[in-house]
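A.B. asks: Sequence and predicted structure below; questions after.
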Protein chains: 2
Amino acid sequence: MNERVVPPAARRRRRPTKQGVVLSEELIVGTALRLIEEHGADALSVRRLGRALGADPSSLYRYFRTADDLLLAVADELIGRTLHAWHPTGDWRADLRDLGLRMHAGALAHPRAAVLGSYRVTGRVHEIRAVEAILGVLRGAGFPDPEAVRIYHAFVDQALAHGALDSASAAMPRAARDAEAAVWRATYARLPGDTHPHIAATARHLVADMAHSSYPAALDLLLDAAAARLAAAAPASRS
Amino acid sequence: MNERVVPPAARRRRRPTKQGVVLSEELIVGTALRLIEEHGADALSVRRLGRALGADPSSLYRYFRTADDLLLAVADELIGRTLHAWHPTGDWRADLRDLGLRMHAGALAHPRAAVLGSYRVTGRVHEIRAVEAILGVLRGAGFPDPEAVRIYHAFVDQALAHGALDSASAAMPRAARDAEAAVWRATYARLPGDTHPHIAATARHLVADMAHSSYPAALDLLLDAAAARLAAAAPASRS
DNA sequence: CTAACAGGTCAACCGTGTTGTCATAAGGTG
DNA sequence: CACCTTATGACAACACGGTTGACCTGTTAG
């Protein structure tokens, strides 16, 4: 219950670690991201992060109240990077598609942060900028406010949720992933047509489709539906 | 590397536990589900499950190779129960909507199993039945095979992914959940209109919408898009 | 120059999945 | 019925995880 964390503003004494490192929130978040990128999502633990930083694990609790809080900071940093690489063109549908794919890729690379960021609000700068930008695209396209918010919500959750899911799949050892594909080929593709007519009829497509992420297709479906609603709501300005 | 697990068919000796319980795959899976339902998703661990069963934790490794395998069995059982409660009417859209909501609810109650089941194939009976049923609905509605598979994939992943996400949110302690809502009200709803025009304009809707799951709306969007594609592909039989 | 205290460190606690080893009762066999 | 094999349960241990209370020390304000 003791509060170990000091608000960033009040930080004064920058005392170096035994190994000579001067800690800071930014350094910790940056190192965490590097750790994940180099050794996978599971490589991020308080203890490993401490080791990578050259500091005792417990030191991190001077900067973040819990491991989740640390991950939230990582999530916000990720949002910032994703948004930074995104250059909207004015075509709402193309812009959202591009952003969705970028968010998905980011979430795929950092699943734990994505999961956390999807159901918790960081309230940090990058997140706020992202919300503003996406809402801007939707409202600029002509979506009425309630609809814009609804689509914003579905869009963001979809990107993060699929990202988290797909990254779990990507994290499996090679052998296990191959075994999964084998189940589709060995079990599903061999079901007799008289007991399982629909699987038998689509087996070819199932084997091919289930090996990939469903996200791009799902994203296009969402954008399709949004476009249809926009067309229905707006009196039709063109075509 | 030693294989401790014996295939169910070869099981003969039903030796009771010290506490007098006779183990079986079904009993273990059933107890796991009960544990989750009574004490939340995090209550499921090999050790706790062992305790709940009245058996040493290590005994479970005679039935499942790893904790993940156990969870996969739980997932398949869940699929079975969900499917069992579902009564299709012949209206593809209503049927899928109903099934989607049921799957989402199931995933919400059993997030870890849902996550696992979303990127791994169990290849067990219930899963196969579910795949056959959903494909049947889609093909019956007139979707061409490749499209049916694509929509099947997006539909299933969406239900499971959103379920996993929402359950993470539901698992937060009350206080934390209230704190989240407070961020929307205190931070987002107070941003000035000149720096964040879009957030300011939609603040009311944001506060209301972000408190709920985006799944129902996302599901409707997906079904909208599917219906549109069906209408475009089929020469239009009615209306 | 000195006193206060921020912040780094250490050791410990309790939880997790998993495995090597042992012991014993079940059940087929004669 | 008695014996032997072996399936299966139990035990103890390992490595890893997050977290915290207590301590110690360098930095900095006064």
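C.D. replies: Sure, I can see it. Every value quoted in this text rests on a predicted model; they were computed, and no experiment measured them.
A.B. asks: and A:Ala171, backbone torsions?
C.D. replies: Backbone dihedrals for A:Ala171, given as degrees, to the nearest 10, come out at phi -80, psi -10.
A.B. asks: Check the spacing between it and A:Asp98 real quick.
C.D. replies: The gap separating A:Ala171 from A:Asp98 is 26 Å, by C-beta to C-beta, to the nearest Å. No exception for glycine: its C-beta is placed from N, CA and C like everyone else's.
A.B. asks: what ranges do the helices span in chain A?
C.D. replies: A:25-39, A:46-53, A:67-84, A:92-109, A:111-119, A:125-141, A:145-170, A:174-186, A:197-209, A:215-233 (DSSP state H).
A.B. asks: What lies in contact with the third one?
C.D. replies: Helix A:67-84 is contacted from outside by A:25, A:28-30, A:32-33, A:36, A:44-46, A:49, A:60, A:63-64, A:99, A:102-103, A:106, A:110, A:112-114, A:116-117, A:120, A:122, A:124-127, A:129-130, A:133, using C-beta atoms under 8 Å, 6 or more residues apart in numbering or on different chains.
A.B. asks: ok, it near DNA strand C or not?
C.D. replies: No. Using C-beta under 7 Å from any atom of the strand, no contact is recorded between helix A:67-84 and DNA strand C, whose separation bottoms out at 13.1 Å.
A.B. asks: Show me which residues of that helix are buried.
C.D. replies: Neighbour-count burial for helix A:67-84, counted by 16 or more other C-beta atoms under 10 Å in any protein chain shown, picks out A:69-80, A:82-83.
A.B. asks: same question, the second one
C.D. replies: Taking 16+ other C-beta under 10 Å as the basis for neighbour counts, the residues of helix A:46-53 that come out buried are A:46, A:49-50, A:52-53.
A.B. asks: Give me the pLDDT value at the residue nearest in space to the middle of chain A.
C.D. replies: By C-alpha atoms, centre = their mean, chain A has its centre lying nearest to A:Ala107, at 2.4 Å. pLDDT recorded at A:Ala107 is 87.
A.B. asks: Equivalent analysis for the one 3 residues further on, please.
C.D. replies: A:His110 carries a pLDDT score of 86 in this model.
A.B. asks: what's it in contact with, if anything?
C.D. replies: Per C-beta under 8 Å, 6+ apart, neighbours of A:His110: A:33, A:36, A:41, A:74-75, A:78, A:167.
A.B. asks: Contact residues of chain A facing DNA strand C?
C.D. replies: Proximity of chain A to DNA strand C, by C-beta under 7 Å from any atom of the strand, involves residues A:6, A:10-19, A:22-23, A:55-59, A:62-63.
A.B. asks: which of those residues count as buried?
C.D. replies: In the residues of chain A next to DNA strand C, burial by neighbour count holds for A:23, A:55, A:59, A:63, counting by 16+ other C-beta under 10 Å.
A.B. asks: can you put those residues in JSON lines and add distance to A:Gln158 and pLDDT?
C.D. replies: What follows is those, written out as JSON lines (distance: C-beta to C-beta, whole Å; pLDDT from 0 to 100):
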{"residue": "A:Leu23", "distance to A:Gln158": "37", "pLDDT": "93"}
{"residue": "A:Ala55", "distance to A:Gln158": "38", "pLDDT": "95"}
{"residue": "A:Ser59", "distance to A:Gln158": "38", "pLDDT": "95"}
{"residue": "A:Tyr63", "distance to A:Gln158": "32", "pLDDT": "94"}
